[in-house]
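Colleague: kindly return the folded structure for what I paste below:
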Amino acid sequence: MDLSTNYAGLQLKNPLVASSSPLCREIVHLRQMEDSGAAAIMLHSLFEEQINIESNELDTYLWSSTDVSAEAMSYFPSMESYNTGPDAYLEHIRKAKEAVGIPVFGSLNGVSEGGWVKYAKLMEEAGADGVELNIYFMATNGQHDSASIEDQYVRLVRSVKSQLKIPLTVKIGPFFSSMTNFAKRLDEAGADGLVIFNRFYQPDFDLETLDVFPSLELSRSSDLTLRLHWAAILFGNVKADIAITGGVHSSADILKSMMAGARVAMTTSELLQHGIGSLRSMLTGVESWLDEHSYESIRQMQGSMSQKNVPNPAVFHRANYMKVLSSYSLNEGSSSTALSQ
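Modeller: Just a heads-up that it's a prediction; the model follows:
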């Protein structure tokens, strides 16, 4: 069975990629990922704040108003102890490339140009097969309009891409009013791949201590539907390859991702929950399904369930929206009572 696929100009042996997680910090885990069948590895991110902290800019910013809002300070992590610094990160890329034979991507997490261009180039020199820009920005200032935010993303992608010879992929969130237009702009700016979607983690409140604390829930397969929705829309509308991340936990999730139009499916939460060996069982399930349904390769199904051939996707989605609402039963399907809006 031919499971090979192309992603961001790279030939991969299958569509399953191990994405960023704490597991990627240890070389022994990277070897286990390769042995279990991962086609590529996305390393944990080097944060923009870690680059800036070399000049103590982050500490100055964080602690300048401690007396004003002491409770809120617990929200911010100590970046000196998080992951590794820039130099150690580059060394980790070198060691990873010596340890495994599959493609290894470096990851930059931030929002401003700053040192991104410099460190993306250094990642390439360290041996990375590609670089992922993990753009994580929350527009909390009312002075930022949507156009200026999108322009900032596009400028960042164009600046970094101009300095690289290796593939550049961009990980984005789902909160853009015209996702297809924005994806096309990133495509035109030079993105070789679009990774959908970033997960925006919200802090929670402790009502007893009145502290703000980080809250993280691992993904579930139910999170996949949003990704399938947009992969199916973007397929054929952009030249950049599509990667789905968030909600990939089973062979069925991989197959659905391919049918929607993705070239690769990335998984993290599944490995954290059930171990790196789950990669092998996921791939075995994909092979079994392809064999049972008389597919010869994974490429045969890529985009088969996309909206490339739907004349008017907007009308299609309106009809589907109405169908979903009218099909819900309050009595587990035995009643004709429908939702109303």
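Colleague: I'd say I172 and E150 touch.
Modeller: No. In this structure I172 lies outside contact range of E150 using Cβ atoms under 8 Å: 10.3 Å. From N, CA and C alone the C-beta is placed, and that goes for glycine too.
Colleague: between the two, who's got more neighbours?
Modeller: Using other Cβ atoms under 10 Å as the criterion, I172 and E150 rank with I172 on top: 23 against 17.
Colleague: run through the bridge partners of that one.
Modeller: Taking DSSP bridges as the rule, I172 bridges to I196.
Colleague: now do the end-to-end distance for stretch 258-273.
Modeller: 23 Å (Cα to Cα, to the nearest Å).
Colleague: just to revisit the earlier point, overlap of the contact sets of I172 and E150?
Modeller: By Cβ atoms under 8 Å, 6 or more residues apart in numbering, I172 and E150 have these common neighbours: F182.
Colleague: in the stretch 1-150 of the chain, which spans are helices?
Modeller: Along the stretch 1-150 of the chain, counting by DSSP state H, counting those that start in this stretch, helices occupy 27-35, 48-52, 57-63, 86-99, 116-126, 146-161.
Colleague: out of those, which is closest to L168?
Modeller: Among the helices of the stretch 1-150 of the chain, helix 146-161 comes nearest to L168, with 4.9 Å by Cβ to Cβ.
Colleague: what about the closest one, average pLDDT?
Modeller: Mean pLDDT, helix 146-161: 92.
Colleague: could you do stretch 263-281 as well?
Modeller: Per-residue pLDDT over stretch 263-281 has a mean of 97.
Colleague: for that stretch, what is the distance to the chain centroid?
Modeller: In this view, stretch 263-281 has its centroid 14 Å away from the chain centroid, taken as Cα atoms, centre = their mean, to the nearest Å.
Colleague: now the helices of the stretch 1-150 of the chain in CSV, with distance to G9?
Modeller: Output for the helices of the stretch 1-150 of the chain, formatted as CSV (distance: least, Cβ to Cβ, whole Å):
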stretch, distance to G9
helix 27-35, 20
helix 48-52, 26
helix 57-63, 34
helix 86-99, 18
helix 116-126, 14
helix 146-161, 12
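Colleague: weakest of those by average pLDDT?
Modeller: helix 57-63 (a mean of 48).
Colleague: can you give me the strands for this protein?
Modeller: Taking DSSP state E as the criterion, the chain carries its strands at 5-7, 10-12, 16-18, 40-47, 104-110, 130-135, 168-172, 193-196, 204-206, 211-213, 241-245, 264-267.
Colleague: looking at those strands, which is closest to Q273?
Modeller: strand 264-267 (10.2 Å).
Colleague: by contact count, what packs against that closest one?
Modeller: For strand 264-267, the elements it packs on are strand 16-18, strand 241-245, helix 251-260, judged by 3 or more Cβ pairs under 8 Å, 6 or more residues apart in numbering; DSSP states H and E.
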